[in-house]
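Undergrad: Need a 3D model of the sequence below.
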Amino acid sequence: MDREALAEESDETVDEILGGRLRIFQKKTGYRFSLDALLLAHFASLNEGDDLIDLGTGSGIVAMILAGRYRCGRVLGIEIQEQLAMMARRSADLNGLDRRVEILQADVRRPETLCVPLSFDAAVFNPPYRKLRSGRMNPDPEKAVARHEIMGNVADFLTAAGYALRDGGRVYTIYPAARVVEILFRMRSCRIEPKRLRMVHSRPGGVGKFSLVEGVKGGREELVVLSPLYIYGGKRGYSAEMAAISQELSASPADGGD
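TA: Numbering: from 1, shown residues only. Below you'll find the predicted structure:
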């Protein structure tokens with residue numbers, strides 16, 4: 001029996017995304033990636049040969065999308081939860097990316113355990129959105145850690161990014177629009193200058209839901225505020241831009257070699 005059949009008989013699913021180009025192991029009832037991961041993967045931009053660190057990689061989806069889209073160098077995903085890290089490794093293997101995407105079980109609150117300092121060109125992270133004492137804590141431990149700041153907050157993720165990045169390295173993140181002031185402040189506290197900001201709205205006329213932010217370690221002061229991104233257009237389906245993003249992510253991957 002193959003790996004996918006075994007997963008289907010257990011408490012896991014094997015989900016196809018990007019037109020079937022990627023297959024991801026996920027728990028049926030545990031943490032599962034959502035649209036914000038795809039938005040972050042599209043917003044991030046890498047140069048050929050860039051070394052990438054994905055802090056709090058979860059299922060590994062952002063790391064694997066970026067490894068497919070770009071001819072990047074080393075790709076390292078950091079995940080504190082053992083089961084998620086194991087599934088992310090299996091997903092990388094299932095997609096033939098095990099030689100390009102490394103998954104390390106480690107704690108972003110201890111940057112010195114993640115990598116050699118100043119060794120990456122880009123960092124991505126999709127941190128927990130909710131403060132410890134805000135909202136109902138999910139009874140599923142896997143979901144609770146992913147959603148609440150139990151094992152790291154945005155300051156911890158930015159500190160780890162600052163440790164890992166070379167001067168001039170870029171940070172890409174997605175965060176609730178309601179907390180955008182906090183993440184911009186925390187970036188500057190870590191010598192990561194905000195350079196691009198894009199608000200994501202569910203529909204035209206609605207309030208911002210997410211903020212996509214790019215920062216540069218040691219960068220000069222200048223922030224470009226991009227036009228808003230609307231997820232949905234009319235009553236049905238994605239907006240034209242969101243549909244184009246989905247199509248772009250589904251395009252054939254770059255030849256990254258071995």
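Undergrad: So the closest residue to Leu118 other than its chain neighbours, which state does it fall into?
TA: Among residues not flanking Leu118 along the chain, Arg166 sits closest, at 4.9 Å (C-beta to C-beta, 6 or more residues apart in numbering). Where you see a C-beta, it was placed from the backbone N, CA and C, and this is true even at glycine. Classification of Arg166 using DSSP: H, G, I helix; E, B strand; the rest coil returns strand.
Undergrad: From Ile192, how far out is Arg166?
TA: 12 Å (C-beta to C-beta, to the nearest Å).
Undergrad: so what's the residue nearest to Leu118 up against?
TA: By C-beta atoms under 8 Å, 6 or more residues apart in numbering, the contact list for Arg166 reads 118-121, 217.
Undergrad: Top of those by number of neighbours, please.
TA: Counting neighbours by other C-beta atoms under 10 Å, the top entry in the contacts of Arg166 is Phe120, with 25 neighbours.
Undergrad: okay but it is in contact with Gly49, surely?
TA: No - the pair Phe120 / Gly49 is not scored as a contact, 11.9 Å apart, by C-beta atoms under 8 Å.
Undergrad: Now for Arg166 and Ile192: what residues contact both?
TA: Lys217.
Undergrad: Test for you: state the pLDDT assigned to Glu142.
TA: pLDDT, Glu142: 51.
Undergrad: from the contacts of Arg166, which two are the most distant?
TA: Taking C-beta to C-beta as the measure, the contacts of Arg166 span a maximum distance of 12.6 Å, between Ser119 and Lys217.
Undergrad: where do the strands sit along the chain?
TA: 12-17, 22-27, 52-55, 75-79, 101-105, 120-125, 165-176, 192-201, 208-217, 224-225, 229-230 (DSSP state E).
Undergrad: Could you dump those into CSV and include mean pLDDT and distance to Glu112?
TA: Listed next are the strands of the chain as CSV, based on pLDDT from 0 to 100; distance: least, C-beta to C-beta, whole Å:
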stretch, mean pLDDT, distance to Glu112
strand 12-17, 91, 33
strand 22-27, 93, 30
strand 52-55, 98, 14
strand 75-79, 97, 13
strand 101-105, 98, 13
strand 120-125, 98, 14
strand 165-176, 97, 14
strand 192-201, 98, 19
strand 208-217, 97, 17
strand 224-225, 98, 33
strand 229-230, 96, 36
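Undergrad: highest average neighbour count across those?
TA: strand 52-55 (a mean of 28; mean count of other C-beta atoms under 10 Å).
Undergrad: list the helices and strands that strand packs on?
TA: Secondary-structure packing of strand 52-55 (3 or more C-beta pairs under 8 Å, 6 or more residues apart in numbering; DSSP states H and E): helix 61-69, strand 75-79, strand 120-125, helix 154-164.
Undergrad: let's see it at 10 Å
TA: With contacts taken as 3 or more C-beta pairs under 10 Å, 6 or more residues apart in numbering; DSSP states H and E, strand 52-55 sits against helix 61-69, strand 75-79, strand 101-105, strand 120-125, helix 154-164, strand 165-176.
Undergrad: Present those as JSON lines; the columns should include distance to Gly205.
TA: Converted to JSON lines, the helices and strands packed on strand 52-55 look like this (distance: least, C-beta to C-beta, whole Å):
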{"stretch": "helix 61-69", "distance to Gly205": "29"}
{"stretch": "strand 75-79", "distance to Gly205": "37"}
{"stretch": "strand 101-105", "distance to Gly205": "40"}
{"stretch": "strand 120-125", "distance to Gly205": "30"}
{"stretch": "helix 154-164", "distance to Gly205": "28"}
{"stretch": "strand 165-176", "distance to Gly205": "19"}
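Undergrad: which one of the ones you listed lies closest to Glu248?
TA: helix 61-69 (8.7 Å).
Undergrad: For the closest one, list every residue counted as buried.
TA: By 16 or more other C-beta atoms under 10 Å, the buried positions in helix 61-69 come out as 61-69.
Undergrad: Kindly format the C-alpha coordinates of that helix as PDB.
TA: Extracted as PDB, the C-alpha positions of helix 61-69 are listed here (Å, rounded to 0.1, in the frame of the first residue of the first chain):
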ATOM      1  CA  ILE A  61       3.300  24.600   1.900                       C
ATOM      2  CA  VAL A  62       4.900  28.100   1.500                       C
ATOM      3  CA  ALA A  63       8.400  26.700   1.400                       C
ATOM      4  CA  MET A  64       7.400  24.100  -1.200                       C
ATOM      5  CA  ILE A  65       5.600  26.600  -3.400                       C
ATOM      6  CA  LEU A  66       8.600  29.000  -3.400                       C
ATOM      7  CA  ALA A  67      11.000  26.100  -4.000                       C
ATOM      8  CA  GLY A  68       8.900  25.300  -7.100                       C
ATOM      9  CA  ARG A  69       8.500  28.900  -8.300                       C
END
